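S.K.: okay, sequence plus prediction incoming.
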Amino acid sequence: MTYNDEFKLQIQGQSREVQRLNLLSSGENLGVKTKKTFLLLVLIIAIVLLVSGKGITADLYVDDDGTYDATTPSCDGTDTCYSSIQTAITAATGGVDKVVVCPGTYAECISMKNGVDVESATSEPTIDCTTTLTATVTFENGPISCNLDDFDITHSSGDGAGIALDGLSGTVTTTISNCTIHDIAAGAGIRMNGVVDCTITGNTIYDCGKAGISVGDVTTADDVQGGSSITIKGNTIGDNTDPFTEPNIEAGIYLKGSGSVTVDIGTVAEPNTICYNGEVGIRLDTITDLMIDSNTIKNNTKGGILLIDVGSGSGDAIVQNNDVYDNSKAGINIGGASYLTIGNNNDIYSNHAGVVFNMGNVDESAGSPSSRPVKITGNDINTNSWGGIGIIDAITNTVTITDQNVINDNTRAGIGIQNSCTLVITKNSITYNDRGGIHTGTWVHDPGGFSGTAGSADLTIKQNRVYGNGETNYGSGIDVRHATGTIYNNLVYENHRGGIRFGDWIDEIINNTVADNGDAIHDQGGGIIYDDISAGDGVNDPPAGDPPAPLDIRNNICAYNQKAGIRACFTNTPGSEERDYNLVFSNNGTGATDCGWYTDSGISYVTEGNFSCANKQFGGCGADFSGPPHALDGPHDIISDPQFENRGADDYRIKSTSPAVDAGDTFYGDDISIPPGVGTSTIDMGAYGGPDGINWP
């Protein structure tokens, strides 16, 4: 649906004149007793005011023909009034009088006065200022406090603005409400700079050349200054595009701060709809305190939300509970020193990318790679055409992706990592992404596309559920061949091209359950697989090389994978084996067999004649064939049925009778208090065992 089909329909509705008529008519239902009580109350208030010496003030009315009747909805009458809004404002006494404007079109520019509110009598009178380079509504030099309510504001020529709160010597305190601001040829709907204490509520802002709500320019001199507080709620802001193609300011909302500035955009009760803008829906630069809450942000050309250098500490910059979708580039794009939380049920979908760190995605060079902690928590990030979460720029601080983000059905990776970064990825559902769950590099046939130095992506991957990824037959559940870090307690299953694939820099792969990965059609996809990225093999080519020491692969369960359960060949030193205490079963076409394994004094052996079966479990890196009794390379490895609770229903917890119960290496800590492990100094193999066992629904 186009802008003309959809957006303009949103601004149509019942006229305010009809609403006021309904309100007036409701008074006819008052009973006689109620009316008497009301008249008595009015009399008492009048006496109190007269005694106090203040009296009751009259509103200053404006009608374009100079006559009015305040009792009629149309204001038509014979009483004399002002014919110019500005004349009435000039005559009004600040803090005492209010200017009330009747329906009509007023071809003038007005300047608001301290203490004088200006409002419509009925149905949005039009203020149309045609003076070039002049705003339709300005404010006298400050400090100034006044409100504007219920007007149609337009400005058809020049580089002016609909409403300008800028260039003043003091604080502007105002509420701008229930206005329609439109057709500002090359300017902003509402422009502001300096110190502003402003609430913008219930307005419709569209067809403005620069932005719906904006600072004056992209220069520091026109920033919103320290001490400002701006609240934007309940507005519809759309189709704001610069015909002269000035970059970076064609936004629904574009605000840039200098000093301590607070910006609140949307509330649960009064969300904004921000759509069809020429650049981004919301762009905030150097705003110290911000809340973007419960808005609909859609169909913007270069992204939904762009945040550069926002926040100053934990909890002061939050994006939550928004619907961000159908934006041509990123749903949310983050850069610079942004201390930020993106969380609490944002629904980010059908964008080019969901959440991305990519300043090259905007037409200016002010943005830099992220250098402050960012937390992405509890969001639904799905059906984005590039990927769910993308690291394109190098990141110099920690990004935490945690607490049950649902990252699914994205066309490329769930989490795509193409540059240096530090990521903590924990407690997420990463599912059914076309080319992989967590993936370093790009998604073409070769393993390249990583912009940083190999190993410079430092990843902590823990307690995630990663399944069903790689439906286009590219990528694994976790494919991190360019990365260093640890992989703990993940449940990785039913991925089309493998479970966990890693390179030279991963330190520990502990307590994962990796099952049912790979597919028979392509005869590819193992459990935990080392692959030497320097060999230049394609994403889906068979793995090559042997991992360097040191590396711990322990306490994992790898079963029912199309290829090897674990493939990582070591020259182990007895007593300090790098691969040990793992359970493998029915991998690599071996069927439901234990390969004739047995234990003696806690050490696993393979019976003679079953060497091939054992080797298939370990991809050729399994049994030691130097002579009987043929001990496995990892002496505490087990080849046995893990006894999953209900594999057919994807329940990969282990039964209390499983050989993996209390069979892990206790070096990593004891089980948390969940079944089936019962020992105080024991650890179960698999994703539910150990101190970091999966314990979320």
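M.R.: Structure received.
S.K.: distance of the closest residue to residue 475 other than its chain neighbours from residue 119?
M.R.: Excluding its sequence neighbours, the residue lying closest to residue 475 (Cβ to Cβ, 6 or more residues apart in numbering) is residue 436, at 2.6 Å. For the C-beta atoms, the positions are set from N, CA and C on the backbone; glycine is no exception. Separation of residue 436 from residue 119 (Cβ to Cβ, to the nearest Å): 57 Å.
S.K.: higher neighbour count, these two?
M.R.: residue 436 (34 against 17; other Cβ atoms under 10 Å).
S.K.: isn't the more buried one up against residue 411?
M.R.: No. Residue 436 sits out of contact with residue 411 when judged by Cβ atoms under 8 Å, with a separation of 11.1 Å.
S.K.: and residue 657, how many neighbours?
M.R.: 9.
S.K.: got the confidence number for the closest residue to it other than its chain neighbours?
M.R.: Using Cβ to Cβ, 6+ apart and skipping the chain neighbours, the partner closest in space to residue 657 is residue 643 (5.9 Å). Per-residue pLDDT puts residue 643 at 97.
S.K.: what sits against residue 643?
M.R.: With contacts defined as Cβ atoms under 8 Å, 6 or more residues apart in numbering, residue 643 is in contact with 654, 655, 657, 658, 659, 660.
S.K.: now distance to residue 337 and secondary structure too, for the residues you listed, in TSV please.
M.R.: Shown next, in TSV, are those (distance: Cβ to Cβ, whole Å; DSSP: H, G, I helix; E, B strand; the rest coil):
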residue	distance to residue 337	secondary structure
654	46	strand
655	50	coil
657	54	coil
658	49	coil
659	51	coil
660	46	coil
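S.K.: filter those residues down to the buried ones, ChimeraX style.
M.R.: The ChimeraX selection below is limited to those of these classed as buried (16 or more other Cβ atoms under 10 Å):
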select :654,658,659,660
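S.K.: and which of the contacts of residue 643 is nearest residue 153?
M.R.: Using Cβ to Cβ, residue 654 comes nearest to residue 153 of the contacts of residue 643, at 67.5 Å.
S.K.: where's the nearest residue to that closest one once chain neighbours are set aside relative to residue 637, distance?
M.R.: Nearest residue to residue 654, sequence neighbours excluded (Cβ to Cβ, 6+ apart): residue 660, at 5.3 Å. Distance from residue 660 to residue 637, counting by Cβ to Cβ: 11 Å.
S.K.: quick check: neighbours shared by those two?
M.R.: residue 583.
S.K.: could you list every residue that touches the residue nearest to residue 475?
M.R.: So residue 436 contacts 412-414, 416, 443, 469-470, 474-477, 479, 497 (Cβ under 8 Å, 6+ apart).
S.K.: if we go to 7 Å?
M.R.: Residues near residue 436 by Cβ atoms under 7 Å, 6 or more residues apart in numbering: 413, 443, 469, 470, 474, 475, 476, 479.
S.K.: what does residue 385 give?
M.R.: 352, 411.
S.K.: i'd like the first residue to be 50 from this point on
M.R.: Yes, from this point I'll number from 50; that puts the last item at residue 434.
S.K.: now it: which helix or strand?
M.R.: Remark: residue 434 resides in no helix or strand, with elements defined by DSSP states H and E.
S.K.: mind checking pLDDT for it?
M.R.: Residue 434 is assigned 90 on the pLDDT scale.
S.K.: next one: the one 4 residues further on
M.R.: Looking at residue 438, its pLDDT is 96.
S.K.: surely it touches residue 450?
M.R.: Yes. In this structure, residue 438 is within contact of residue 450 by Cβ atoms under 7 Å, at 6.3 Å.
S.K.: these two: who's more crowded?
M.R.: Neighbour count, other Cβ under 10 Å: between residue 438 and residue 450, residue 438 has more, with 31 against 28.
S.K.: let me know the secondary structure of that one.
M.R.: strand (DSSP: H, G, I helix; E, B strand; the rest coil).
S.K.: that one pairs with what?
M.R.: Bridge pairing for residue 438 (DSSP bridges) gives the partners residue 404, residue 464.
S.K.: and the gap between it and residue 180?
M.R.: Relative to residue 180, and taking Cβ to Cβ, residue 438 is found at 48 Å.
S.K.: ok, now residue 659?
M.R.: With Cβ to Cβ as the criterion, residue 659 and residue 180 are 92 Å apart.
S.K.: who's more crowded, the two?
M.R.: residue 659 (18 against 14).
S.K.: report the contact partners of the more buried one.
M.R.: Residue 659 neighbours (Cβ under 7 Å, 6+ apart): 644, 645.
S.K.: do the same with residue 126
M.R.: Here residue 126 is in contact with 116, 117, 118 (Cβ under 7 Å, 6+ apart).
S.K.: any idea how far the closest residue to it other than its chain neighbours lies from residue 353?
M.R.: Of all residues not flanking residue 126 in the chain, residue 118 sits nearest, at 2.3 Å (Cβ to Cβ, 6+ apart). Relative to residue 353, residue 118 is positioned 48 Å away (Cβ to Cβ).
S.K.: who's more crowded, these two?
M.R.: Remark: of residue 118 and residue 353, residue 353 carries more neighbours, 36 against 16, as counted by other Cβ under 10 Å.
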